[in-house]
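Asker: Pasting the sequence and the predicted model now:
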Amino acid sequence: MKTDTAPPGRLKRQLFGVYFFLLLMLALFPPLYLSVSGSTALVLGIPLPIFYWIAIAVLAGLGLWALYLAELAAGELPEEGEGQ
């Protein structure tokens, strides 16, 4: 019997694609930013609108780090010194 499962590489691309798409929506969808832009609330001593952008940048960096680790574990990265 044949099961309908996605190959690991395809699943990884889909998961990270959705993750980065959501971050893109956080960064580029105006109603989300406008809902916090006029706020004077402080988060960790930082105004909320500035914290909003810092949080997006940190989440993007963590996503890139996780993608790097996933590709490293799958052996998809070339060894140091190897050519193209």
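Answerer: That came through, no problem.
Asker: Give me the helix or strand of this structure that scores worst on average pLDDT.
Answerer: helix 30-37 (a mean of 83; mean pLDDT, DSSP states H and E).
Asker: and after it, which helix or strand comes next?
Answerer: Next in sequence after helix 30-37, counting helices and strands by DSSP states H and E, comes strand 42-43.
Asker: Adjacent strands (with direction) for that next one?
Answerer: strand 46-47 (antiparallel) (DSSP bridges).
Asker: Which secondary structure state does residue 52 sit in?
Answerer: helix (DSSP: H, G, I helix; E, B strand; the rest coil).
Asker: To what extent is it buried, counted in neighbours?
Answerer: 20 (other Cβ atoms under 10 Å). Using the backbone N, CA and C atoms, a C-beta is placed for each residue, glycine as well.
Asker: Find the nearest non-adjacent residue to it, please.
Answerer: residue 36 (5.2 Å; Cβ to Cβ, 6 or more residues apart in numbering).
Asker: wait, doesn't the one you found sit right on residue 49?
Answerer: Yes. Assessed by Cβ atoms under 8 Å, residue 36 is found in contact with residue 49 at 5.6 Å.
Asker: Alright, I will stop here.
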